[in-house]
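[1] give the three-dimensional model of this entry:
(2 chains, ligands or ions: 1)
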Amino acid sequence: MAGDKPKLKLAVYWAAACGGCCVSVLDVHEKLFDVVSAADLVFWPIALDTKYEDVENMPDKYIDLTLFNGAVRNSENEHMARLLRKKSKTLVAYGSCAHMGGIPGLANFSTREEILRRVFEETESVVNTDKIRPVPEYTAKEGVLEIPEFYNDVRSLSLVVDVDYYIPGCPPQTERLLEVFTAIVTGAELPPKGSVVGADNKTQCEECTRKKSENKKIKKFYRPWEIKDDGETCFLEQGVICMGPATRAGCGHRCIKGNAPCRGCYGPPSGAIDPGAKMMSAIAGIIDEKEPEEISRVIEDIADPGGYFYRFSLPVSLIRRKVQ
Amino acid sequence: MDGLEFKPRIVAFLCNWCSYTGADLAGTSRIEYKANVRAIRLMCSGRIEPTLVLKAFSKGADGVLLCGCHPGDCHYQEGNYRCLRRYLLLQKYIKQIGIEPERLKLEWISASEGKQFADLVNSFTETIIELGPSKTKQTITVFK
Ligand code: FES
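    From the prediction side, this is the model:
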């Protein structure tokens, strides 16, 4: 390939992320050689020693493709999101956090004040009698010290800047990333801007291989450890909450194949705007009770509906943070 | 409210066969009731997707009212039970996300219960006035 075509300039960045997305890129294993023969990695903090300043010095639209993973939770994340948008031709929200806010997005059930108080004052292992809190700016003898400002809100990438494509997953399936990457390198026709790529349009349930009957009737929900999964019947039919009905397929059912219910990291299928609402609708459809007291008893077992149904998607859901 | 009267915005989802007809009866019987309700007619209360309720709150509704046929009377047999289960789940969720559960109410209204519908609208409007304006829309539009 060398010689015929200029190499693609590729960047990978992590904002409020766990690092798993970057590792999923490394998981291309020996295919990495194909990647580097087609692309120059110009910025990738987990693997290369390039600095923010180097990115700032790049001309606008210098980078062909940026895989941005992680949510936007503080001012540093926001700065990098804006900077990389400016420097990139194509910006991809890579992974659940950039796509929908992800696990860090669950912090939207709390306020900044609640989080800082808990972490710096109330945590059992913390002794902080002076109630010292981090401040974005501090003047020391040696000069002014700065740390990023911690926001009240966690946002997905598209709530901050314009996003070209979304690759969902926590983390995305490496094979699916390679598909997308190959499509870009070979100049294949790309889907319209704003599309979710590297995933399917159907729900998990439509592709799931577990045995399903049409008649789901549940009188009690169980946590996965409370029952003995038979390994082949639909989780919901066994009373275990599985996010399948409200989740986009395309991950290869890795969780379900590992006998764990779907957690919803691929986000809602196309057409559904709020995964949690879709899930509440599905759950309400299978509870086999008619009296309010009985229904409430069944629902009681769902200890944390918000956290469960919006585990990866709270910041992009209809009520995207705790009302205050 | 600084001298300004708070006029709650209430969205009511009514099923076609009982509740909407009941609301209609209140009208044709010339029963006066508070004008804060925006009625949305659906074929059945079983059509009230949680998405619709959350969307109403996100767009600035101060209260949401769900009405269907009495248990056993749904014209599609089970739609109102489905509505009841969704309602109870939604109650649990909105409490978690910081919306007062009193802002969401479910009542069964039959086609002959015009008076009951008017009373329901009046009492629900009172409840919402006591709670004050919903902060949902404002909270979710502010970023920082
Ligand atoms: S038709 Fe009225 S609730 Fe179903």
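
[2] centroid-nearest residue for the chain?
    Picked chain A for this. A:S96 (1.3 Å; CA atoms, centre = their mean).

[3] sorry, should have said chain B
    Short answer for chain B (CA atoms, centre = their mean): B:L65, at 0.8 Å.

[4] following the chain onward from the stretch of helix or strand that one belongs to, which element is next?
    Element membership for B:L65 (DSSP states H and E) is strand B:63-68. Counting by DSSP H and E, the element after strand B:63-68 in chain order, helix or strand, is helix B:79-96.

[5] what about that following helix and the ligand, any contact?
    Yes - using CB under 6 Å from any ligand atom, helix B:79-96 reaches the ligand at B:G79, B:N80. (C-beta placed from N, C-alpha, C; glycine too.)

[6] and chain A, is that helix touching that?
    Yes - for helix B:79-96 and chain A, the contact criterion (CB under 8 Å from any CB of the partner chain) is met by B:Y81, B:R82, B:L84, B:R85, B:R86, B:L88, B:L89, B:L90, B:K92, B:Y93, B:I94, B:Q96.

[7] what does the pLDDT read for the residue nearest to the centre of chain A?
    For A:S96, the model assigns a pLDDT of 98.

[8] next: B:D2.
    54.

[9] how close does whatever residue of the stretch 201-324 of chain A ends up closest to the ligand get to B:C83?
    In the stretch 201-324 of chain A, the residue found nearest to the ligand is A:K290; the distance is 13.3 Å by CB to the nearest ligand atom. Using CB to CB, to the nearest Å, A:K290 is found at 11 Å from B:C83.

[10] pick out whichever of those two has more residues nearby.
    Regarding A:K290 and B:C83, a neighbour count based on other CB atoms under 10 Å in any protein chain shown identifies B:C83 as having more, with 26 against 14.

[11] ok, the more buried one - contacts?
    Residues near B:C83 by CB atoms under 8 Å, 6 or more residues apart in numbering or on different chains: B:S45, B:G46, B:I48, B:L66, B:G68, B:L106.

[12] can you pick out the most distant pair from those?
    Across the contacts of B:C83, no pair lies farther apart than B:G46 and B:L106, at 12.5 Å, counting by CB to CB.

[13] common neighbours of these two, please.
    B:G68, B:C83.

[14] more crowded one of those two?
    Between B:G46 and B:L106, counted using other CB under 10 Å, B:G46 has the larger neighbour count: 24 against 21.

[15] name the nearest residue to the more buried one, sequence neighbours excluded.
    Using CB to CB, 6 or more residues apart in numbering or on different chains and skipping residues adjacent in sequence, the residue nearest B:G46 is B:G79, 2.6 Å away.

[16] the one you found and A:A11: what is the separation?
    For B:G79, the distance to A:A11 equals 52 Å [CB to CB].

[17] so between these two, which is more surrounded?
    Per other CB under 10 Å, whichever of B:G79 and A:A11 has more neighbours is A:A11, with 26 against 21.

[18] so which elements touch the helix or strand harbouring the more buried one?
    With elements taken from DSSP H and E, the one containing A:A11 is strand A:8-14. Packing contacts for strand A:8-14, counted by 3 or more CB pairs under 8 Å, 6 or more residues apart in numbering or on different chains; DSSP states H and E, involve helix A:20-26, strand A:39-43, strand A:63-69, helix A:75-87.

[19] quick revisit: surely the residue nearest to B:G46 meets B:G72?
    No - using CB atoms under 8 Å as the test, B:G79 is too far from B:G72 to be in contact (11.7 Å).

[20] now the angle from the helix or strand harbouring A:T90 to helix A:75-87?
    Secondary-structure assignment from DSSP H and E places A:T90 in strand A:88-94. Angle, strand A:88-94 to helix A:75-87, by axes from the mean of the first three to the mean of the last three CA atoms, to 10 degrees: 140 degrees.
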